[in-house]
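Visitor: fold the following, please.
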Amino acid sequence: NTITYNLSGPIAIPHRFNSNRDKLFFFWGQEFWPSTLSTQGTVTVPTALERKGDFSQSFNQAGALTVVKDPANANAAFPGNIIPTSRLDPNGVALLNIFPQPNFSNRAISGGNYNYVFLTPYNKSLSTNTGKIDYILNANNTITFALNMYGDDETGALGITTASGNWPMMVKTYHTHGNGTTERWTRIISPTLINELSFGLFAQPASNTYDNSELQKIIRSTVGFNAPQFSAATNDLNVIPNATFGGVTNAANIAIEGRLPLYNRYYILHLADNFTAIRGSHTLKAGIYLERFTRNQKKSGTVFNGAFDFQNNATNPFNTGYAYSNAVLGNFNSYSQSTSRNWMNIRDWDAEAFIQDNWKATRRLTFDVGLRMYWVPPMTERDNLISGFVFSQYSTAQAVKLIQPAMSGGLRVGIDPTTGQVYPATLIGAIAPGKGNSADGMVTASNPGSLPNSLVKDRGLQWGPRFGFAYDVFGDGKTAVRGGFGIFYNRPTTEGYF
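Guide: Sure, this is the predicted structure:
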């Protein structure tokens, strides 16, 4: 459903102000689009037996038993395909207990591809508010104030902006309310000369909120997960780590949005002045545009809470052959965690100017010829928290050495090419310790060498020629052929740049 209305008319005080109703006018309109939607899906979750270490009923898609091997017993199968209770890792079990119990067991339909079916609702409420005031000072001067507001509120576990994971783990509400104002002064200098001066501000904050009961679902102490972290300070919410289970068909995962709770603020401040002159068959225009862009937000891609990979990986010496049995034993393929919450505080200036001639060459042919000049300097980061690779700063003498594959005693291992030190095969391709500089060739914004702190050189003034035409084919105003070309410039996206 769409709910909308608008009001407009003159603003007047009888016998005191705007009595003729020809000076001050207003417009106000609102639109609302409330909607309730749903997301459905299927995933595989660990069974009640698997969470206890019992894999005697764990079958693959072909219906064959998934054999669980004991890495502490020469990879022999666990008797009965059951891991002894004394061997279970409470942290791994706690992570599996995050998931709901299976609710679909008909393998004739699922083909062994899933055992959990869900349908989860989410609400999406959009709105716009548009306001405008026109004040006609006199026949030659008009002042306009415009307000535009946009609202987007989404609540749900899936289907909303900032949702994460592939099953409904945590309900959040995403909010973004953009507000823009523009003030414009239009002055008619003469019947053939007009000037328009405008300035404005656009602000769009974005955030998400959640009930404490939803947050408690993923708090480490609530879940019973107490494994150590690389950086406890980074996990300021004290939530459980992400977890993936590669090798399990369509496995449900644990995925917490890396910006939780989301914080995003960006602002655009602009000033523009456009001048129009009419000279015979020519309409000449010229103008300038200045813009200041600021964005402060948590950076996506941060793994502030840590991430475990329990995938079935034959090169992992602690692998059991099945991701869920890896988890209950506390054996993982890899673990990673960001050392800090990543932020980007972006600053940018843009300046543009243009000239244009709209020339009605004949009654049927019109040309548009113009030139736009751009100065779009590279974006910078407020705290200089950016780095980049500069080839001239790279030194082959400082290059790192990688652990190489080798065989030892009939087993595949890794070996340090410099010292001959032997490592587990899982470290093949990793940087050998104590050799070279892992940051070889890297520079930072706080110490950029010959580069500016943007780490990108300013391209200076850029030229954007424009050309267009319109031709009335039959001279009756009903059929036209139009064409044109132009060169345009803009800043890169902030996510692509930082």
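
Visitor: quick one: terminal-to-terminal distance for stretch 469-480?
Guide: Distance between the two ends of stretch 469-480: 10 Å, counting by CA to CA, to the nearest Å.

Visitor: in the stretch 351-498 of the chain, which spans are strands?
Guide: 365-375, 380-381, 387-389, 404-408, 411-415, 422-423, 442-444, 461-472, 480-486 (DSSP state E, counting those that start in this stretch).

Visitor: as JSON lines, those strands with distance to Thr283 and mean neighbour count would be great.
Guide: To be clear about C-beta, it is placed using only N, CA and C from the backbone, and glycine gets the same treatment. Converted to JSON lines, these look like this (distance: least, CB to CB, whole Å; neighbours: other CB atoms under 10 Å):
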{"stretch": "strand 365-375", "distance to Thr283": "9", "mean neighbour count": "17"}
{"stretch": "strand 380-381", "distance to Thr283": "39", "mean neighbour count": "19"}
{"stretch": "strand 387-389", "distance to Thr283": "46", "mean neighbour count": "14"}
{"stretch": "strand 404-408", "distance to Thr283": "71", "mean neighbour count": "13"}
{"stretch": "strand 411-415", "distance to Thr283": "73", "mean neighbour count": "16"}
{"stretch": "strand 422-423", "distance to Thr283": "74", "mean neighbour count": "16"}
{"stretch": "strand 442-444", "distance to Thr283": "50", "mean neighbour count": "16"}
{"stretch": "strand 461-472", "distance to Thr283": "13", "mean neighbour count": "14"}
{"stretch": "strand 480-486", "distance to Thr283": "16", "mean neighbour count": "11"}
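
Visitor: for those, which one sits closest to Ser450?
Guide: Set against Ser450 and scored by CB to CB, the strands of the stretch 351-498 of the chain come closest in strand 442-444, at 9.2 Å.

Visitor: show me what counts as buried in stretch 234-241.
Guide: 234-235, 239-241 (16 or more other CB atoms under 10 Å).

Visitor: and the strands in the stretch 51-200 of the chain?
Guide: 69-70, 76-77, 116-138, 141-156, 172-190, 193-209.

Visitor: just put these in CSV and tack on mean neighbour count and mean pLDDT.
Guide: As requested, the strands of the stretch 51-200 of the chain are arranged in CSV below (neighbours: other CB atoms under 10 Å; pLDDT from 0 to 100):
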stretch, mean neighbour count, mean pLDDT
strand 69-70, 18, 97
strand 76-77, 12, 97
strand 116-138, 15, 96
strand 141-156, 17, 97
strand 172-190, 16, 97
strand 193-209, 16, 97
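
Visitor: do you know which of those lies nearest Ser300?
Guide: The nearest among the strands of the stretch 51-200 of the chain, by CB to CB, is strand 193-209 at 12.0 Å.

Visitor: for that closest one, packing partners?
Guide: strand 172-190, strand 263-279 (3 or more CB pairs under 8 Å, 6 or more residues apart in numbering; DSSP states H and E).

Visitor: TSV please, covering those and showing distance to Pro46.
Guide: As requested, those are exported to TSV (distance: least, CB to CB, whole Å):
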stretch	distance to Pro46
strand 172-190	25
strand 263-279	34
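
Visitor: Ile219 is nearest to which of the ones you listed?
Guide: strand 172-190 (14.9 Å).

Visitor: what's the angle from the closest one to strand 263-279?
Guide: Calculated by axes from the mean of the first three to the mean of the last three CA atoms, to 10 degrees, strand 172-190 forms an angle of 20 degrees with strand 263-279.

Visitor: so in that sheet, which strands flank strand 172-190, and in what orientation?
Guide: Its sheet considered, strand 172-190 pairs with strand 141-156 (antiparallel), strand 193-209 (antiparallel) by DSSP bridges.

Visitor: so how far is it off the chain centroid?
Guide: Chain-centre distance of strand 172-190: 25 Å, with CA atoms, centre = their mean, to the nearest Å.

Visitor: just the CA atoms of it, as PDB, please.
Guide: Below are the C-alpha coordinates for strand 172-190, written out as PDB (Å, rounded to 0.1, in the frame of the first residue of the first chain):
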ATOM      1  CA  LYS A 172      17.900  -6.200  13.800                       C
ATOM      2  CA  THR A 173      16.500  -2.900  12.600                       C
ATOM      3  CA  TYR A 174      18.300  -0.900   9.900                       C
ATOM      4  CA  HIS A 175      17.600   2.800   9.900                       C
ATOM      5  CA  THR A 176      18.700   5.400   7.400                       C
ATOM      6  CA  HIS A 177      17.100   8.900   7.200                       C
ATOM      7  CA  GLY A 178      18.500  11.200   4.600                       C
ATOM      8  CA  ASN A 179      17.800  14.900   4.800                       C
ATOM      9  CA  GLY A 180      18.700  17.500   2.200                       C
ATOM     10  CA  THR A 181      18.100  21.200   2.100                       C
ATOM     11  CA  THR A 182      18.700  23.600  -0.800                       C
ATOM     12  CA  GLU A 183      18.400  27.400  -0.800                       C
ATOM     13  CA  ARG A 184      18.200  29.200  -4.100                       C
ATOM     14  CA  TRP A 185      18.200  32.900  -5.100                       C
ATOM     15  CA  THR A 186      17.000  33.600  -8.600                       C
ATOM     16  CA  ARG A 187      17.700  37.100  -9.900                       C
ATOM     17  CA  ILE A 188      16.500  38.500 -13.200                       C
ATOM     18  CA  ILE A 189      19.100  41.100 -13.900                       C
ATOM     19  CA  SER A 190      17.400  42.100 -17.200                       C
END
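
Visitor: next, the angle from it to strand 116-138.
Guide: Using the same axes, to 10 degrees: strand 172-190 against strand 116-138 is 20 degrees.

Visitor: give me the most central residue, this structure.
Guide: Against the mean C-alpha coordinate of the chain, by CA atoms, centre = their mean, the closest residue is Ser300 at 5.8 Å.

Visitor: and the gap between it and Leu269?
Guide: 25 Å (CB to CB, to the nearest Å).

Visitor: doesn't Val248 make contact with Val61?
Guide: Quick fix: residue 61 reads Gln, not Val. No. If you go by CB atoms under 8 Å, Gln61 and Val248 don't touch, sitting 10.7 Å apart.

Visitor: compare neighbour counts for the two and give me the winner.
Guide: Taking neighbours as other CB atoms under 10 Å, Gln61 and Val248 compare with Val248 leading, 23 against 11.

Visitor: so the more buried one makes contact with Gly321?
Guide: No. Using CB under 8 Å, Val248 makes no contact with Gly321, being 11.6 Å away.

Visitor: who does the nearest residue in space to Leu193 that is not next to it in sequence bridge with?
Guide: Spatial nearest neighbour of Leu193, excluding adjacent residues (CB to CB, 6 or more residues apart in numbering): Ala277 at 5.4 Å. When bridges are called by DSSP bridges, Ala277 pairs up with Leu193, Leu284.
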